[in-house]
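Student: no FASTA, just this:
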């Protein structure tokens, strides 16, 4: 396809990608603010501004390894076309909207990966898949919530031992202050991992159309616009999901909120540095369940947690199916 002729289509697709990034922030705002809101350390309107700021500046702290994984580590970049990117984004966007409407904390990340896989399969079959990258990402579906769970559980046990002689008021006051730190770290991890997924999509689209030359890389303007889009989405918030994440799974106090956010942040930092596009939703849900389990097993509403797990399992295939149908429709009318 001639790059000059494709320019209006390219701009339109970049706009769609940024819309997905905005929805990602909207959908995943709960991940960053659910605990600090549910513990009443910050009011929702201030919490979203706090989270959005740290979402935006995340590019200052991380490399672009996740963007590279999404751009060339899930499907072969040589088969990428505008129709394929459009279909992948439709798969992710439609699934995000459905789960947002029903207040289900599913994964925007895995919806996007599922969309890429579905569109890739529709275009070129199984030869389109980069299996090493896909399997690494699929493995993170299990690993990221498990790591978040155990880190948060361990932190609760350590903190409980360290503060055993303190009065409940002193502990509450200390962790109300510390939650500002833990919420900031989690929002950094969220912005660092999630915004890079859209960067990878836009960069591989530019690469496929010859705008990046012979070497794949992520232009700085793509970095800034993606960070801004996800921060703007966070500003608008996702209140249905905030309620599910912050109070329906388990009740949290400031100390538990700090442990959940810190355990989740450590998980996200490690995954981002390793270039693994993990789910921030999975991670913080696992961490919240971990702190709830530390109190007592019955403190966690396991029925709701089970429904969330089911949503995790069906996200990639559901987004892939929507993307494949979108690709065939785009190919038919394109």
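Tutor: Perfect, thanks for sending it. Note that the coordinates shown come from a computational prediction; the quantities given were computed from them, not determined experimentally.
Student: so where is this structure shaky, pLDDT-wise?
Tutor: Applying pLDDT under 70 to the chain picks out residues 1-6, 29-32, 105, 237-251, 295-309, 334.
Student: And the strands in it?
Tutor: In the chain, no strands are defined using DSSP state E.
Student: what's the single longest helix in it?
Tutor: helix 168-208 (DSSP state H).
Student: Correct me if wrong: residue 84 contacts residue 118.
Tutor: No - using CB atoms under 8 Å, residue 84 is not in contact with residue 118, being 9.9 Å away. Any C-beta I mention is one placed from the backbone N, CA and C, and that applies to glycine too.
Student: Overlap in contacts, these two.
Tutor: The contact sets of residue 84 and residue 118 overlap at residue 327 (CB atoms under 8 Å, 6 or more residues apart in numbering).
Student: so what does the longest helix of the chain touch, helix or strand wise?
Tutor: Applying 3 or more CB pairs under 8 Å, 6 or more residues apart in numbering; DSSP states H and E, one finds that helix 168-208 makes contact with helix 7-38, helix 44-56, helix 65-72, helix 82-101, helix 108-124, helix 220-236, helix 254-274, helix 280-295.
Student: and the angle for it with helix 108-124?
Tutor: 20 degrees (axes from the mean of the first three to the mean of the last three CA atoms, to 10 degrees).
Student: and the angle from helix 168-208 to helix 82-101?
Tutor: 160 degrees.
Student: gap between helix 168-208 and the chain center?
Tutor: In terms of CA atoms, centre = their mean, to the nearest Å, the centre of helix 168-208 is found 10 Å from the chain centre.
Student: Going forward, the N-terminal residue is numbered 553.
Tutor: All set: I'll call the first residue 553, so the last point we hit is now helix 720-760.
Student: Pull the contacting residues for residue 805.
Tutor: If you count contacts by CB under 8 Å, 6+ apart, then residue 805 has 591, 724, 727 around it.
Student: With distance to residue 692 and neighbour count as new columns, can the residues you listed be given to me in a markdown table?
Tutor: Shown next, in a markdown table, are those (distance: CB to CB, whole Å; neighbours: other CB atoms under 10 Å):
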| residue | distance to residue 692 | neighbour count |
| --- | --- | --- |
| 591 | 28 | 24 |
| 724 | 34 | 14 |
| 727 | 29 | 21 |
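Student: contacting residues around stretch 879-886?
Tutor: Contacts for stretch 879-886 (CB under 8 Å, 6+ apart): 635-636, 638-639, 670-671, 674-675.
Student: can the helices and strands packed on helix 720-760 go into a markdown table with extra columns for distance to residue 867?
Tutor: Listed next are these as a markdown table, based on distance: least, CB to CB, whole Å:
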| stretch | distance to residue 867 |
| --- | --- |
| helix 559-590 | 12 |
| helix 596-608 | 22 |
| helix 617-624 | 16 |
| helix 634-653 | 7 |
| helix 660-676 | 5 |
| helix 772-788 | 18 |
| helix 806-826 | 17 |
| helix 832-847 | 9 |
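Student: Can you tell me which of those helices is nearest to residue 697?
Tutor: helix 832-847 (3.0 Å; CB to CB).
Student: buried sites along that closest one?
Tutor: Using 16 or more other CB atoms under 10 Å as the test for burial, helix 832-847 gives 832-847.
Student: again, but for stretch 604-623
Tutor: Buried residues in stretch 604-623 (16+ other CB under 10 Å): 604-608, 610-611, 614, 616-623.
Student: Closest to residue 739 out of those residues?
Tutor: Using CB to CB, these come closest to residue 739 at residue 606, 3.6 Å.
Student: doesn't residue 734 make contact with that closest one?
Tutor: No - counting by CB under 8 Å, residue 734 is not a contact partner of residue 606; they are 11.3 Å apart.
Student: Give me the common contacts of those two.
Tutor: Common neighbours of residue 606 and residue 734 (CB under 8 Å, 6+ apart) do not exist.
Student: Residue 695: how many residues sit nearby?
Tutor: Number of residues near residue 695 (other CB atoms under 10 Å) recorded here: 18.
Student: dump the residue contacts of it.
Tutor: residue 830.
Student: How much space separates it from residue 687?
Tutor: 12 Å (CB to CB, to the nearest Å).
Student: Please apply the same query to residue 755.
Tutor: 22 Å.
Student: ok, those two, which is more surrounded?
Tutor: residue 755 (27 against 11).
Student: who's in contact with that one?
Tutor: So residue 755 contacts 619, 623, 764, 768-771, 774 (CB under 8 Å, 6+ apart).
Student: let's see it at 10 Å
Tutor: Residues near residue 755 by CB atoms under 10 Å, 6 or more residues apart in numbering: 616, 619-620, 622-624, 629, 748, 763-764, 768-771, 774-775, 778.
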